[in-house]
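> Provided below for reference: sequence and predicted model.
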Amino acid sequence: MREKKRITAYQICLVAFAAGINIAGGQIALALRLPVYLDSVGTVFTGVVLGPWFGLLPGLLSGLIMGVTVDIYSLYFAPVAMITGFTAGLVFRRISLNRVSVFTAALAVTVPGTMVSSLINAVLFGGVTSSGSSVLVQLLMHTPLGLTGSIFVVQILTDYADRCLALIAVGALLTAMGGELRQKLAGGR
């Protein structure tokens, strides 16, 4: 019989901390009107450390909190954050961040969320959101790419850059974390 793992206080605290990192990063990107989002570092970190199911939670929490407080668009894009955390958990379930190229892993983590975010952006917002990348969409929209193509091209580029930055930050966090803390987070004693 398989023993059920219990959720630990360390894991709950990590999810809350990760949501806070997402909110802080998202606020910095919004304030500076950056073409990247900086709101997925905590989500990716949780997915890498705790796995895909925990990876869903910080994206959902930070999307809800930011969506009802400072940026309504975050609410609509919360499913993208959840997909990003889940995908990061799947990608790093069997391999470690130091065994794979950050750029290859970032592409694997980016593509599923980009497909969903492009759809959300095109259908609900016509390419105009609170992100600094909306300017790029508006510029490209009048090319043969059209609205949907422009949104996808801009999303894949900005999402990929954002995930590369997130994975670099996660790599630095993992390096700074001690092995004992990693074991506690994973549910060990």
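Noted; the coordinates are in hand. Numbers count the residues shown, from 1 in each chain.
> The least confident helix or strand in the chain by mean pLDDT - contacts with which helices or strands?
Across the helices and strands of the chain, mean pLDDT, DSSP states H and E gives its lowest value to helix 179-185, namely a mean of 79. Where contact means 3 or more CB pairs under 8 Å, 6 or more residues apart in numbering; DSSP states H and E, helix 179-185 is packed against helix 9-32, helix 41-50. Heads up, the C-betas are built off the backbone N, CA and C, glycines and all.
> Tell me the buried residues in that helix?
Under the neighbour-count criterion of 16 or more other CB atoms under 10 Å, helix 179-185 has 184-185 buried.
> picking that back up, pipe the helices and strands packed on helix 179-185 into TSV and attach mean pLDDT and mean neighbour count per row.
Listed next are those as TSV, based on pLDDT from 0 to 100; neighbours: other CB atoms under 10 Å:
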stretch	mean pLDDT	mean neighbour count
helix 9-32	94	18
helix 41-50	96	30
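> Need those in a markdown table (columns: distance to Asn98).
Converted to a markdown table, the helices and strands packed on helix 179-185 look like this (distance: least, CB to CB, whole Å):
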| stretch | distance to Asn98 |
| --- | --- |
| helix 9-32 | 20 |
| helix 41-50 | 11 |
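> what about the longest helix in this protein?
Counting by DSSP state H, the longest helix found in the chain is helix 146-176.
> in stretch 86-101, what's buried?
For stretch 86-101, the neighbour count (16+ other CB under 10 Å) marks 86-92, 97 as buried.
> Looking at the residues you listed, which are in strands?
Among these, no member falls in strands (DSSP state E).
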